[in-house]
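Enquirer: A predicted structure for the sequence below; I have some questions about it.
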Amino acid sequence: MRNDGKLAHEFSIGNAEDQARHAEMMRNMPAMKHEDPNTVSLEPGEQARLSWQFLGNDTVVFSCNIPGHFEAGMKHALAIGQN
Ligand SMILES: [Cu+2]
């Protein structure tokens, strides 16, 4: 992925609970930068690769958890597997 925007963004994969917890943590510590296996943070112009294997049936939430971004709509829920 590549950040073509003018602000820093994050791309994070998780379920709805993970993302809510992650967003809450980032509201409390706005300067924190995540480089977890399920998350990349990108400054404007930066690019990175993230590989993830989806197993089983779940609803996955892709989101940017930088404070205000998730709330502004930077999220997408997707059902995976054989539902
Ligand atoms: Cu963002």
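Expert: In hand now; what should we look at? Everything numeric here is computed off the predicted structure, so don't read it as measured data.
Enquirer: quick check: closest non-adjacent residue to residue 35.
Expert: Leaving aside its sequence neighbours, residue 35 sits nearest to residue 41 (Cβ to Cβ, 6 or more residues apart in numbering; 6.7 Å). From N, CA and C alone the C-beta is placed, and that goes for glycine too.
Enquirer: what residues does stretch 62-79 touch?
Expert: Residues from elsewhere that reach stretch 62-79 (Cβ atoms under 8 Å, 6 or more residues apart in numbering): 7-14, 16, 19, 22-23, 26-27, 30, 34, 39, 57-61.
Enquirer: which among the residues you listed end up buried?
Expert: Neighbour-count burial (16 or more other Cβ atoms under 10 Å) applied to those gives 9-14, 19, 22-23, 26, 39, 60-61.
Enquirer: now for the residues you listed, which pair is the farthest apart?
Expert: 26 and 60 (19.0 Å; Cβ to Cβ).
Enquirer: for the host helix or strand of residue 62, the averaged confidence score.
Expert: Assessed by DSSP states H and E, residue 62 sits inside strand 58-63. Mean pLDDT, strand 58-63: 91.
Enquirer: so what are the sheet partners of that strand and their directions?
Expert: Paired strands of strand 58-63, with direction, are strand 9-14 (antiparallel), strand 75-80 (antiparallel) (DSSP bridges).
Enquirer: right, and these - which one's nearest the ion?
Expert: Nearest to the ion among these is strand 9-14; the distance by Cβ to the ion comes to 3.5 Å.
Enquirer: spell out which parts of this structure neighbour the ion.
Expert: 9, 64, 66, 69, 74 (Cβ under 5 Å from the ion).
Enquirer: okay, who's weakest in those by pLDDT?
Expert: Within those, lowest confidence goes to residue 66 (90).
Enquirer: burial of that residue, as a residue count?
Expert: 22 (other Cβ atoms under 10 Å).
Enquirer: any idea which residue sits dead centre in the protein?
Expert: Taking Cα atoms, centre = their mean, the centroid of the chain lies closest to residue 12, which sits 2.1 Å from it.
Enquirer: please consider this matter closed, and thank you.
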